[in-house]
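Chemist: heads up, no residue letters with this:
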């Protein structure tokens with residue numbers, strides 16, 4: 001036994017043993033990294049930043065236009081990835097309208113994208129074009145991450161909407177909410193193939209909703225905030241690609257998860273018969289509990305909320321009147337991301 005120990009010790013001290021031990025260590029390291037990436041932690045090499053998914057949401061429009069003039073910024077903040085810019089709905093943008101025929105951001109379901117031939121609907125045709133450019137939707141899509149910039153008339157601040165709990169988007173968003181107090185995380189789980197949202201043609205997506213801002217207008221403070229957040233996400237992509245996320249400690253974050261949408265009260269003819277109550281207006285992400293005032297009728301009567309405690313978002317969003325949504329109700333949890 002002593003002789004065997006002496007032989008092993010001598011082998012460890014030999015240059016040959018050190019060389020082979022080093023090679024073995026690197027092999028194991030690469031093997032473990034391979035397992036790590038096999039589990040969904042692959043590098044982010046292709047990124048799309050989109051504006052004008054809704055043509056009258058001006059922050060994304062002007063941010064993309066600005067960066068189209070200064071593309072070198074992406075080499076500075078995220079050199080490990082190829083960043084592409086797109087104005088998703090250029091015709092609606094020129095008309096300063098949300099859409100031409102139908103909502104582009106409800107046109108990316110597998111069923112919509114599989115429509116054969118030219119459609120009479122501009123947005124269906126445009127969705128298919130975008131899917132060819134940056135998809136195709138599914139596991140073999142060309143795009144690793146899509147950041148879609150939107151505006152809302154609701155008092156959402158800078159809302160980070162995630163469609164799934166992807167390793168990068170969760171950890172990066174947890175970092176963002178710690179650095180930017182104006183931000184909130186809104187988790188809206190989607191089955192990616194069935195989902196109608198533009199972001200779901202990529203492997204992972206972040207929808208950035210910034211407001212309150214009237215459609216067709218710009219606010220300097222929200223433009224600058226949005227720019228900082230998107231660039232910070234790109235810096236975090238760079239950290240992620242360098243393997244630095246493995247060293248990050250999980251952060252406890254507040255997550256608002258979609259529960260259901262709530263319509264306005266309506267009369268027998270289907271017409272709206274009440275408005276958002278003044279106590280609720282602008283109170284996105286604020287607690288709504290049993291007995292709270294939620295609507296006010298046109299003759300001044302209060303309508304009270306009945307149900308479990310929730311946290312409304314997209315309160316009185318102008319674009320959602322046609323969708324019959326007065327607000328979306330979420331449930332709040334504290335999660336380690």
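Modeler: Structure's in. What do you need? Remember, it's a predicted structure, so these values are computed and weren't measured experimentally.
Chemist: Mind telling me what element residue 161 is part of?
Modeler: strand 157-162 (DSSP states H and E).
Chemist: What pairs with that strand, parallel or antiparallel?
Modeler: strand 183-187 (parallel), strand 204-211 (antiparallel) (DSSP bridges).
Chemist: Reformat those strands as TSV; add mean pLDDT and distance to residue 164.
Modeler: C-beta: built from backbone N, CA, C; applies to glycine. Converted to TSV, the strands paired with strand 157-162 look like this (pLDDT from 0 to 100; distance: least, C-beta to C-beta, whole Å):
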stretch	mean pLDDT	distance to residue 164
strand 183-187	98	9
strand 204-211	98	7
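Chemist: Deepest in the core, which of those is it.
Modeler: Neighbour counts (mean count of other C-beta atoms under 10 Å) averaged over each of the strands paired with strand 157-162 peak at strand 204-211, with a mean of 24.
Chemist: what does it contact?
Modeler: The set of residues external to strand 204-211 that reach it, using C-beta atoms under 8 Å, 6 or more residues apart in numbering, is 44, 59, 144-164, 166, 168-169, 173, 186, 197-199, 222, 225-226, 229-230, 233.
Chemist: Keep only those of those residues that are in helices.
Modeler: Residues of the contacts of strand 204-211 located in helices (DSSP state H): 59, 168, 169, 173, 222, 225, 226, 229, 230, 233.
Chemist: Give me the below-cutoff pLDDT ranges for the stretch 1-150 of the chain.
Modeler: Low-confidence segments of the stretch 1-150 of the chain, defined by pLDDT under 70: 1-41.
Chemist: redo that, cut-off 90
Modeler: 1-42 (pLDDT under 90).
Chemist: where do the strands sit along it?
Modeler: Assigned by DSSP state E, counting those that start in this stretch, the stretch 1-150 of the chain shows strands spanning 46-51, 82-87, 145-151.
Chemist: Format those strands as CSV; extra columns: mean neighbour count and distance to residue 119.
Modeler: Below are the strands of the stretch 1-150 of the chain laid out as CSV (neighbours: other C-beta atoms under 10 Å; distance: least, C-beta to C-beta, whole Å):
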stretch, mean neighbour count, distance to residue 119
strand 46-51, 24, 21
strand 82-87, 18, 20
strand 145-151, 26, 22
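Chemist: just so I know, which of those lies nearest residue 125?
Modeler: strand 82-87 (15.3 Å; C-beta to C-beta).
Chemist: so the strand holding residue 161 versus strand 145-151, what angle?
Modeler: On the basis of axes from the mean of the first three to the mean of the last three C-alpha atoms, to 10 degrees, strand 157-162 is oriented at 150 degrees to strand 145-151.
Chemist: got the buried residues for strand 157-162?
Modeler: 157, 158, 159, 160, 161, 162 (16 or more other C-beta atoms under 10 Å).
Chemist: Nearest residue to the fifth one in space, ignoring adjacent ones along the chain?
Modeler: Meaning residue 161. Leaving aside its chain neighbours, residue 161 sits nearest to residue 207 (3.9 Å; criterion: C-beta to C-beta, 6 or more residues apart in numbering).
Chemist: for the strand holding residue 161, what is the average pLDDT?
Modeler: Regarding strand 157-162, the rounded mean pLDDT is 98.
Chemist: Please list the outside residues in contact with it.
Modeler: By C-beta under 8 Å, 6+ apart, strand 157-162 touches 152, 169-170, 173, 176-177, 180, 182-188, 205-211, 222, 225-226, 229, 284-285, 313.
Chemist: Among the buried residues of strand 157-162, which one lies nearest to residue 119?
Modeler: For these, the nearest to residue 119 is residue 161 (27.2 Å; C-beta to C-beta).
Chemist: For the closest one, give the beta-bridge partners.
Modeler: Bridge pairing for residue 161 - DSSP bridges - gives residue 186, residue 207.
Chemist: Would you point out which residue is most central in the chain?
Modeler: The centre of the chain sits closest to residue 206, judged by C-alpha atoms, centre = their mean, with a distance of 1.7 Å.
Chemist: Could you check how far that residue is from residue 298?
Modeler: 39 Å (C-beta to C-beta, to the nearest Å).
Chemist: Same check on residue 86?
Modeler: 43 Å.
Chemist: Equivalent analysis for residue 289, please.
Modeler: On the measure of C-beta to C-beta, residue 289 and residue 298 end up 25 Å apart.
Chemist: Likewise for residue 147?
Modeler: Residue 147 is 41 Å from residue 298, by C-beta to C-beta.
Chemist: try residue 227
Modeler: Distance, residue 227 to residue 298, using C-beta to C-beta: 41 Å.
Chemist: do the same with residue 242
Modeler: 58 Å.
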